[in-house]
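Undergrad: From the sequence below, what's the structure:
(one chain, ligands or ions: 2)
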Amino acid sequence: MDASTSRKRSKWDVDDPEDEKPATPEPQPKRRVLKAARSADSEPSPVPRPAHSYYVPPRTSHPPIVPSRSVYCYERLNQIEEGSYGVVFRARDKHTGDIVALKKLKLDEEKHGFPITALREVSALMACHHENVVRVREVVVGDTLTQVFVVMDFIEHDLKSLLTLMPAPFLQSEIKTLMMQLLSAVAHCHDNWILHRDLKTSNLLMNNRGTIKVADFGLARRYGDPVGVGGLTQLVVTLWYRAPEILLGATTYSTAVDMWSVGCIFAELLLKEPLFQAKNELEMLSMIFKLLGPPTTNTWPGYFSLPLAKTIALPSPQPHQYRQKFPYLSTSGLDLLMALLTYDPEQRITAEDALQHPYFTESPLPKHPDLFGSFPSAAAGEKYVCSLGAVESAVLSTMLCY
Ligand SMILES: Nc1ncnc2c1ncn2[C@@H]1O[C@H](COP(=O)(O)OP(=O)(O)OP(=O)(O)O)[C@@H](O)[C@H]1O
Ligand SMILES: [Mg+2]
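TA: Ligands and ions are numbered 1, 2, ... in the order given. Now for the predicted structure:
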């Protein structure tokens, strides 16, 4: 393909909403052609031939290899969001009428082939099939080599936008349901050897039936894989959700980094705003030291062996400030929060254990997802009309809870 073709524009380019005809015809399925070719050369043979080579095992446990469908199988509706790794559109499947989300991967500036982040994203999403992980339907391609789209179920909200738009914070019973869903998705990923490495409220989608779906596996990686000479990259996890061991330069880290992020998300659901809103790594560390009290050899035996520990001047010892920051949280809720936001990654609670925490069995019990109020979806272009709908649903959900 020459350079002019690869730069050709189409309606799936970000700033071109016009509904143009596809420049090239939709690729037709090639299977029938192959079948015809095979039947032409299939003379009756006296010895029955095996269906596959003697040396290659049959492809029983693998899906058949079929070419990706074209993006023109979908009608573009609106752009939802542009993130660092791609643009997300809402679209309609022309065949089934299903509303889906299409994430267009950013490949324009890629000089070294298909980006590893995109490969990791698709393979991690496929490996982590779960009720609380966003479902990938397929990968489709456009006219040019830079047009690759991941097709997912469309989910009405992301938790970050929802928390900003909601008039009142979630109720305790709702927070318990959301946390249990998040923990069960994270436990499932960790069971399948996947670290998400970018858990934050904007990567948690929520539908109007009270169900959370973990999304954006752009930074995910398998943690059983051998680690290269430089160790794991430290440029992971959005700053506000980044675990202290990464902030202090650890090159080997594990599932505990996701659990720290889960702790930050729990706090954000309670406060209705992010817990640590720091501008840089140093400010982030000092905010953590303030809430948890500075680390000691007791609370974090491995602290002084971390690469950046010697460059940080620790504040004088002081008690933690959890109770002041979360005055209305029950004792067991506070215990779970502290277990998640624990300095020592070895002692930080796992997703599996967190699911068994007494916080989830004390009153008020987790609310059934069906009883969650629904909200207008900003991603679908719905508006909060005088925020009447939002107030109504907040009042309704309060009434349903008690
Ligand atoms: N399946 C989906 N349904 C509805 N909205 C979605 C879906 N997937 C993503 N979005 C929206 O698009 C936003 C960006 O998606 P995503 O996080 O996957 O992209 P990204 O480029 O990795 O973003 P960032 O770098 O900002 O994290 C999400 O925060 C959400 O608002
Ligand atoms: Mg994201």
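Undergrad: Can you classify the closest residue to residue 77 other than its chain neighbours by secondary structure?
TA: Across the structure, with Cβ to Cβ, 6 or more residues apart in numbering as the measure, the residue nearest residue 77 apart from its sequence neighbours is residue 90 (4.5 Å). Where C-beta positions appear, they are placed from N, C-alpha and C, glycine not excepted. Here residue 90 takes the strand state, with states given by DSSP: H, G, I helix; E, B strand; the rest coil.
Undergrad: need the helix or strand of the protein with the lowest average pLDDT.
TA: Lowest mean confidence among the helices and strands of the chain (mean pLDDT, DSSP states H and E): helix 31-40, at a mean of 38.
Undergrad: Those residues of the stretch 1-150 of the chain touching ligand 2, which are they?
TA: residue 83 (Cβ under 5 Å from the ion).
Undergrad: Show me where the stretch 1-150 of the chain dips below the pLDDT cut-off.
TA: Within the stretch 1-150 of the chain, the segments meeting pLDDT under 70 span 1-64, 108-110.
Undergrad: Nearest to ligand 2: which residue in it?
TA: The stretch 1-150 of the chain approaches ligand 2 most closely through residue 83 (4.7 Å), counting by Cβ to the ion.
Undergrad: what does the stretch 201-350 of the chain give?
TA: residue 216 (3.6 Å).
Undergrad: check contacts around that residue.
TA: Contacts were defined as Cβ atoms under 8 Å, 6 or more residues apart in numbering; by that measure residue 216 touches 83, 85, 121, 198, 202, 203.
Undergrad: Just the local confidence number for residue 187, please.
TA: If you check residue 187, the pLDDT there is 97.
Undergrad: Using CSV, write out the CA atom coordinates for the host helix or strand of it.
TA: Taking DSSP states H and E as the criterion, the element that holds residue 187 is helix 172-191. The C-alpha coordinates for helix 172-191 follow below in CSV (Å, rounded to 0.1, in the frame of the first residue of the first chain):
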residue,chain,number,x,y,z
GLN,A,172,-23.4,2.8,51.7
SER,A,173,-25.5,-0.1,50.4
GLU,A,174,-24.7,1.0,46.8
ILE,A,175,-21.0,1.5,47.5
LYS,A,176,-20.9,-2.1,48.9
THR,A,177,-22.5,-3.5,45.7
LEU,A,178,-20.1,-1.5,43.5
MET,A,179,-17.1,-2.5,45.5
MET,A,180,-18.0,-6.2,45.5
GLN,A,181,-18.4,-6.1,41.7
LEU,A,182,-15.1,-4.3,41.3
LEU,A,183,-13.3,-6.7,43.7
SER,A,184,-14.7,-9.8,41.9
ALA,A,185,-13.6,-8.5,38.5
VAL,A,186,-10.1,-7.7,39.9
ALA,A,187,-9.9,-11.1,41.6
HIS,A,188,-10.8,-12.7,38.3
CYS,A,189,-8.1,-10.8,36.4
HIS,A,190,-5.5,-11.7,39.1
ASP,A,191,-6.6,-15.3,39.0
